[in-house]
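Peer 1: I would like the atomic coordinates for the input below:
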Amino acid sequence: MNNAPSSASASIPPPVVSDPPRRLEKQIALVTGSGSGLGREIAIELARAGAAVVINYAHSAKSAEQTASEIRAEGGRALVVQGDVSREADVQAMFRRTCEECGTVDILVNNAGIEQDVAFDEMTLAQWQKVIDVNLTGQFLCAREAVRQFKRRGVRPEISSAAGKIICISSVHEVIPWAGHVNYCASKGGVMLMMKSLAQEVARDRIRVNSIAPGAIRTDINRHAWETPEAMRQLLTMIPYGRIGEPADVGRLAVWLASDQSDYITGTTIFIDGGMVLYPAFSSGKG
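Peer 2: Below you'll find the predicted structure:
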C-alpha cells in the first residue's frame, strides 16, 4: 500500500491569511514558554489581535526579549516575566507581577512544554518526573492561578463574554501513542482530561477552558523531521492534507479560541494537524 503524497501535494504552500481584526482589545494574555517556537507565534498573534501580552520564559531572557521586541515593533504591548512553570512559587510570583503591572489576566495560554525522549526501560525517574512536572503540573499550577484571578474579578461584559479563557497547548499525542516518548504522551494525555474536568467545573463561573493539539508544525524543536527533502517526504506520508503546519496556523487558532467568536466552546480539544489523527495509512481504502 503506497500512501506517499504526490509531488503536487508535497509542494502545497501554507495559506495567505490577512491580519486578524483587533478582537482582543483591552485584554491581558499570559503565554507561558513564549520566548520561542509555538509560544512566540501565539504571543505575536494575540498581540496583533489587540491583547497586551505577558511573555513568560524559564531560562532564556534574550529570546523572550526578542519576542517582546517584535510585538512592540508592530505597536503592541508586551511584558517579559521569568518563571519556571513547574515551581509553585514561580507561578504565583508570575501572576502577582502580571496583575501588578497589567491589572489583571484575561487569557492564559498554557504553552510551556519539554520532551526528554528515551526508551521506556532506560527512562530514569528524573526523566519521567521532569516532563510531567513541566508539561502537566505546570499547566495545573498556571490554570489554578488563572481561575483564582478570573473568579475574583468576574465577567467584564465590556471586555469579553467570559470571565476568563484558558488555552492548554496539548499535542496529537494526547491520543496517538508514540514509542520512545512515554513520558511526553502521558503528560499530554493528562492535559486532555485535566482540561475537560476543569472546563466542566468552572463553566458555571463563565470560564472557558479548551486545548489546541498540534501535529507536525515547522518549529526548531522538530527541525530534523522537515529540513531535508527526504525527511519532509516521509513526514508528509502521515499528513493527509499534504503540507506541514506553520506556527502561525496555531497562533491564529489561539486568537479565535481566546475571542468571543468561540464563546460557546469549552471543554474541547481542537486538533490542528492536517489530518494526522485520521489514520492516514488507511487513506487508500484498500485495507
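Peer 1: List of residues touching stretch 83-96?
Peer 2: Applying Cβ atoms under 8 Å, 6 or more residues apart in numbering, the external contacts of stretch 83-96 come out as 30, 32-33, 54, 56-58, 81-82, 105, 112, 130, 133-134, 137-139, 141-142, 145-146, 149. C-betas here are computed from N, CA, C, even on glycine.
Peer 1: Filter those down to just the buried residues.
Peer 2: Using 16 or more other Cβ atoms under 10 Å as the burial test, the contacts of stretch 83-96 include 30, 32-33, 54, 56-58, 81-82, 105, 112, 133-134, 137-139, 141-142, 145-146, 149 as buried.
Peer 1: what about the host helix or strand of Ala43, average pLDDT?
Peer 2: Secondary structure assigned from DSSP states H and E places Ala43 in helix 37-48. Confidence over helix 37-48, taken as the mean pLDDT, stands at 97.
Peer 1: With stretch 56-65 instead?
Peer 2: Along stretch 56-65, the predicted local confidence has a mean pLDDT of 96.
Peer 1: Can you dump the C-alpha atoms of it in PDB for me?
Peer 2: Once side chains and other backbone atoms are set aside, the C-alpha atoms of stretch 56-65 remain, and they are given as PDB (Å, rounded to 0.1, in the frame of the first residue of the first chain):
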ATOM      1  CA  ASN A  56       7.000  34.100  30.100                       C
ATOM      2  CA  TYR A  57      10.300  32.300  30.000                       C
ATOM      3  CA  ALA A  58      12.200  29.900  32.200                       C
ATOM      4  CA  HIS A  59      15.800  30.200  31.100                       C
ATOM      5  CA  SER A  60      16.500  32.400  28.100                       C
ATOM      6  CA  ALA A  61      15.800  36.100  28.800                       C
ATOM      7  CA  LYS A  62      17.300  37.000  25.400                       C
ATOM      8  CA  SER A  63      14.800  35.000  23.400                       C
ATOM      9  CA  ALA A  64      11.900  36.300  25.500                       C
ATOM     10  CA  GLU A  65      13.000  39.900  24.900                       C
END
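Peer 1: List the buried residues of it.
Peer 2: Per 16+ other Cβ under 10 Å, stretch 56-65 contains these buried residues: 56-58, 63-64.
Peer 1: what's the most distant pair in the residues you listed?
Peer 2: Asn56 and Ser63 (11.5 Å; Cβ to Cβ).
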